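Trainee: just a sequence and a predicted model for now, questions to come.
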Amino acid sequence: QVQLVESGGGLVQAGGSLRLSCAASGRTFGSYDMAWFRQAPGKEREFVAGIRRGGGRIYYVDSVKGRFTVSRDSAKNTLYLQMSSLKPEDTAVYYCAARYLTKASYDDWGQGTQVTVSS
């Protein structure tokens, strides 16, 4: 099991930027595929971005392509989400998640960090 703690959320105006961080502890960070999800009020949780264990494969939901960048730093056991050109529809609680080796689902989750984009 890995423990995940997100930080970096806040209130920002439309067009602004934020960088989210997710600090991991416990099992070896390099054994996990990592991802960011978000959940807006009254909506289902959705996948935002993911990065494979080696960092070689990266995925984004279409609505954030070209605006968000996911990365990981194995030396710091940290996952990042750089968010730019933020829109009010990006407002949500953002969660960091981890999927261990060959497991099918993301089983370890952080507590979430609130991102609010004002128009």
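Mentor: Thanks, I have it.
Trainee: how near is the closest residue to K43 other than its chain neighbours to L81?
Mentor: Counting by Cβ to Cβ, 6 or more residues apart in numbering, A92 is the residue found nearest to K43 once chain neighbours are left out, at 7.8 Å. Heads up, the C-betas are built off the backbone N, CA and C, glycines and all. To L81, A92 is 12 Å away according to Cβ to Cβ, to the nearest Å.
Trainee: please verify my assumption that the residue nearest to K43 contacts V117.
Mentor: No - applying Cβ atoms under 8 Å, one finds A92 not in contact with V117, separated by 9.3 Å.
Trainee: excluding chain neighbours, what is closest to the residue positioned nearest the centre of the chain?
Mentor: For the chain, the residue nearest the mean C-alpha position is W36 (2.6 Å; Cα atoms, centre = their mean). Spatially, and ignoring its direct neighbours in sequence, W36 is nearest to V48 (4.4 Å; Cβ to Cβ, 6+ apart).
Trainee: just to be sure, that neighbour is in a strand?
Mentor: Yes - using DSSP: H, G, I helix; E, B strand; the rest coil, the secondary structure at V48 is a strand.
Trainee: how near is it to P88?
Mentor: To P88, V48 is 16 Å away according to Cβ to Cβ.
Trainee: compute the number of surrounding residues for the residue nearest to W36.
Mentor: As a burial measure, V48 scores 23 neighbours (other Cβ atoms under 10 Å).
Trainee: and it, what does it touch?
Mentor: By Cβ atoms under 8 Å, 6 or more residues apart in numbering, the contact set of V48 is A35, W36, F37, R38, Y60, V61, V64, F68, L81, Y94.
Trainee: state the helix or strand in which the nearest residue to the third one once chain neighbours are set aside lies.
Mentor: Right, F37. Residue nearest to F37 in three dimensions, not counting chain neighbours: Y95, with 4.7 Å by Cβ to Cβ, 6+ apart. If you go by DSSP states H and E, Y95 is part of strand 92-100.
Trainee: average pLDDT for the helix or strand just after that strand?
Mentor: Toward the C-terminus, strand 92-100 is succeeded by strand 108-109 as the next helix or strand (DSSP H and E). The average pLDDT for strand 108-109 rounds to 96.
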